[in-house]
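Colleague: Output the structure for:
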Amino acid sequence: MGILHTNAFSPLDFWIPATIVTIVIKTALTTLLCFFCLAIFSAVHADTPLELSMKKMGKAYKQLALDLKQPQDASKADYLALTATLKTEAQTARGLVPKKVANLYPESRDAMVKDYQKSIDDLGVSIDALSQAIQNSKWDEANKQLVALKQKMIDGHKAFRKKE
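Modeller: Below is the predicted model:
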């Protein structure tokens with residue numbers, strides 16, 4: 001007599017693939033949920049045009065501060081390009097209104113907008129002085145102007161940035 005052959009599968013044969021499929025489906029759903037939450041969070045916390053402008057200024061400032069630690073005449077054009085970015089973004093920011101203004105009464109709002117614009121104008125003057133110092137290769141003066149510029153940025157953020 002021979003060995004008895006059956007074509008029947010045991011329940012264990014189906015359990016392993018079913019478990020793997022369940023894990024894959026749960027992982028895919030979790031991943032989709034995470035992307036959905038990230039999209040919602042990004043939309044809620046989207047940067048305003050002013051925030052984008054300020055980020056560009058911050059990036060240019062940081063690079064310039066790093067570069068001017070050991071300035072080189074050969075890199076003067078790069079430094080001037082960074083100051084041009086600072087100037088352009090400051091001019092862009094001047095035409096925008098901080099979020100903090102939205103919560104004020106109209107008479108206070110107008111005063112704050114004027115103060116904000118004056119602060120940005122003063123920042124522009126400091127950027128021009130920094131650019132002139134770089135143009136003339138006066139590195140000590142450029143670093144002093146950079147410190148003054150940083151302080152104006154800090155003061156402006158304290159006065160006009162909405163605390164969230």
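Colleague: so Arg94 touches Lys118, yeah?
Modeller: No - assessed by C-beta atoms under 8 Å, Arg94 is found out of contact with Lys118, at 9.7 Å. Bear in mind the C-beta positions are built from the backbone N, C-alpha and C, glycine included.
Colleague: Of the two, which one has the most company?
Modeller: Taking other C-beta atoms under 10 Å, Arg94 and Lys118 do not tie; Arg94 has more neighbours (16 against 11).
Colleague: what pLDDT does that one get?
Modeller: Looking at Arg94, its pLDDT reads 95.
Colleague: How about it: what's its closest non-neighbour residue?
Modeller: Counting by C-beta to C-beta, 6 or more residues apart in numbering, Arg94 lies nearest to Ile120, which is 4.3 Å off, once chain neighbours are set aside.
Colleague: for that neighbour, helix, strand, or coil?
Modeller: helix (DSSP: H, G, I helix; E, B strand; the rest coil).
Colleague: Near it, how many other residues are there?
Modeller: Ile120: 19 neighbours (other C-beta under 10 Å).
Colleague: Was I right to think it contacts Leu96?
Modeller: No - look at Ile120 against Leu96 with C-beta under 8 Å: they stay out of range, at 9.3 Å.
Colleague: Neighbours of the closest residue to Asp73 other than its chain neighbours, how many?
Modeller: Computed as C-beta to C-beta, 6+ apart, the closest residue to Asp73 that is not its neighbour in sequence is Ser137, at 5.8 Å. By other C-beta under 10 Å, 13 other residues sit near Ser137.
Colleague: got it, and Ala93?
Modeller: Ala93 - counted by other C-beta under 10 Å - has 25 other residues nearby.
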